[in-house]
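S.K.: sequence first, predicted coordinates after that:
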Protein chains: 2
Amino acid sequence: MILTVTLNAAMDVTYWVDSFTSGEMNRVRRVVRQAGGKGVNVARVLHGLGHEVLATGLAGGTTGNLILADLAAAGIPADFTAIAAESRSTTVVHDLAAQEATLLNEPGPAVTPQECAAFLERFGELVGRASVVVVSGSLPADAPSTMYADISGLAAKRGVPVIVDADGATLLHSLGGAPTIVKPNASELAGALPELPDPPSPTSSRVPADLLGHLHRAEHLRDRGAGSVVVSLGAEGLLAVTGEGVLRARLPYRVEGNATGAGDALVAGLALGLAEGTAWPERLRRAAALGAAAVAAPVAGGFDEAVYAEISPEIVIEGAS
Amino acid sequence: MILTVTLNAAMDVTYWVDSFTSGEMNRVRRVVRQAGGKGVNVARVLHGLGHEVLATGLAGGTTGNLILADLAAAGIPADFTAIAAESRSTTVVHDLAAQEATLLNEPGPAVTPQECAAFLERFGELVGRASVVVVSGSLPADAPSTMYADISGLAAKRGVPVIVDADGATLLHSLGGAPTIVKPNASELAGALPELPDPPSPTSSRVPADLLGHLHRAEHLRDRGAGSVVVSLGAEGLLAVTGEGVLRARLPYRVEGNATGAGDALVAGLALGLAEGTAWPERLRRAAALGAAAVAAPVAGGFDEAVYAEISPEIVIEGAS
């Protein structure tokens, strides 16, 4: 069972409008409401692939109840710790004419030390049944900055590998728990290490010049505790900096669509690779293919099965160093 | 008890953002979620004034449950007929920098003939306890166009006066039930009667030239069955065309704020006037004052008590013909 952790779960509302005009009344053509937050999206992708999952995290209030009811309706097993504050909603408005998306993100709930302690206690029970743990997204307000490191540490004690998908201080603090893989995108990687000096000038490296900065920062995250660093580069694929060397996954063509949730599908692919013990090249191929297939799906947590099947064998995996 | 009918009830979400940018991620600073739909807003204003109300209508699905839970939490008595389809949500995004509002309106639910019949049967029971009935807003998809006329007819049989606040074909069809008052705004009045010829040129009328079109159309609605017609004119106040003559209510100054829900507060004032048997001038004063006080409130269904108290005695009521 892959255990996904979502401490800032959400109800995600997706709207489609013909042409979105601010300052006016916009008629919504289509509505999808579903439980979200990055870890929940990972669980949904894995569930869609037929893999056993359990979604855990924090949920509260009326919106928390809606999140749990939606997971139950989708058949996704869930075991959330209750909080007093109201879980957040997010809204994505897709403008069908302009082909752009507008996001409205509510502030997340604040949590108490008791609620965080109750979650960690429950997590300690659940992790014994897990083959892999995925910890994704932002921390709720007032959660201790060590929360992701604590989660990683509890998993490590049981020998369960952990993937962390977070940014900023949350990503940096998670390294204290020695996560197996961290998965920033390029801007999250740069944003987490703004003060890092430029990398040494390339001489004999086989890494292209435009990736040297990413490589340099990823190595720095490994030095601080991450086992491996997978940097997602959008249409440019993936860069993986691992104990077995540096690898690059390249997409054969650009998939058009909605990038929301692509990173979560990618993480689901990495988690499957860890759960099934596949080697890095195959793990990256699946991660990159799921990420691309998610771009072709209209809502986070979904992926286009035809795109997944078609693109997977065409992804090019290169040793890059 | 004033009975408000909302056949297309909604959960209204109100967001405030610093500066709303389409195509981008917008952080929501403040969120208010409350049950809405025009009839529910009327009930909320009356409840806030301490008047006994009962909110009825149609509600369904998860959103319907949220509507009923919110009314219960607000202490507003409710007796809704269940429908199978999902009630709608609406979102208003207030841009604090640009001082403008962007609306996202979901499509409403479709209803079955059986659900409409069940509602009318229940309404027939409830109306016996009512002093006034208020019927507001749009019809759900597939509701018979005669629905508002049927409601008015059932109320008339019990001698209970009815106010209809609707537009377009729904307004015109309601006239078959001979409602006591209909309350279109100026554009709804024009939109309901697009084919009406221009009014005769003013000669001896005391009605200002710019109001002659409204007067002409309002007389037409009276000819087709409405007892009285109150035309809301925003900052220009009210024009009432009644069996006792034509009256005008003028506001002493412009109230800045959020016009959403102002019409509902105005209707609440008219309903109070009918319930308490006050004469037209006093009835219009209260309606205009509540409408202005609602503009000063941040969310539909609310009104600013200080503005209400201050503006009420300063409203000028004139005989206009």
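M.R.: Right, received. Where do you want to start?
S.K.: nearest the geometric middle of chain A, what residue?
M.R.: A:Asp264 (3.7 Å; Cα atoms, centre = their mean).
S.K.: you'd agree that one is in a strand?
M.R.: No. Counting by DSSP: H, G, I helix; E, B strand; the rest coil, A:Asp264 falls outside a strand, being helix.
S.K.: gap between the helix or strand hosting A:Ala155 and the chain center?
M.R.: Per DSSP states H and E, A:Ala155 falls inside helix A:147-157. Centroid displacement of helix A:147-157 relative to its chain, using Cα atoms, centre = their mean, to the nearest Å, is 17 Å.
S.K.: now stretch A:112-121
M.R.: Distance of stretch A:112-121 from the chain centroid (Cα atoms, centre = their mean) equals 23 Å.
S.K.: and the longest strand along chain A, what does it pack against?
M.R.: Ranked by residue count, the top strand of chain A under DSSP state E comes out as strand A:25-36. Other helices and strands packing on strand A:25-36, by 3 or more Cβ pairs under 8 Å, 6 or more residues apart in numbering or on different chains; DSSP states H and E, are strand A:10-17, helix A:61-74, strand B:100-105. Placement of C-beta: from N, CA and C, glycine included.
S.K.: returning to what we had before: spatially nearest residue to the residue nearest to the centre of chain A (excluding sequence neighbours)?
M.R.: Once flanking residues are discounted, A:Asp264 sits nearest to A:Asn41: 3.7 Å by Cβ to Cβ, 6 or more residues apart in numbering or on different chains.
S.K.: which residues are in contact with the one you found?
M.R.: A:Asn41 sits next to A:136, A:261, A:264-265, A:300-301 when contact means Cβ atoms under 8 Å, 6 or more residues apart in numbering or on different chains.
S.K.: shouldn't A:Val134 be in contact with A:Gly37?
M.R.: No. Counting by Cβ atoms under 8 Å, A:Val134 stays clear of A:Gly37, with 11.8 Å between them.
S.K.: now stretch A:300-308: buried residues?
M.R.: A:300-304, A:307-308 (16 or more other Cβ atoms under 10 Å in any protein chain shown).
S.K.: can you say which helix or strand has A:Glu188 in it?
M.R.: helix A:186-192.
S.K.: same for that helix, what does it pack against?
M.R.: Helix A:186-192 sits against helix A:168-174, helix A:209-223, strand A:228-232, with contacts defined as 3+ Cβ pairs under 8 Å, 6+ apart.
S.K.: show me which positions of that helix end up buried.
M.R.: Within helix A:186-192, the residues that count as buried by 16+ other Cβ under 10 Å are A:186, A:188-189, A:192.
S.K.: got JSON lines for those residues, with pLDDT too?
M.R.: Below are those laid out as JSON lines (pLDDT from 0 to 100):
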{"residue": "A:Ala186", "pLDDT": "94"}
{"residue": "A:Glu188", "pLDDT": "94"}
{"residue": "A:Leu189", "pLDDT": "95"}
{"residue": "A:Ala192", "pLDDT": "92"}
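S.K.: got JSON lines for those, with distance to A:Gly273 too?
M.R.: Shown next, in JSON lines, are the buried residues of helix A:186-192 (distance: Cβ to Cβ, whole Å):
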{"residue": "A:Ala186", "distance to A:Gly273": "21"}
{"residue": "A:Glu188", "distance to A:Gly273": "21"}
{"residue": "A:Leu189", "distance to A:Gly273": "20"}
{"residue": "A:Ala192", "distance to A:Gly273": "24"}
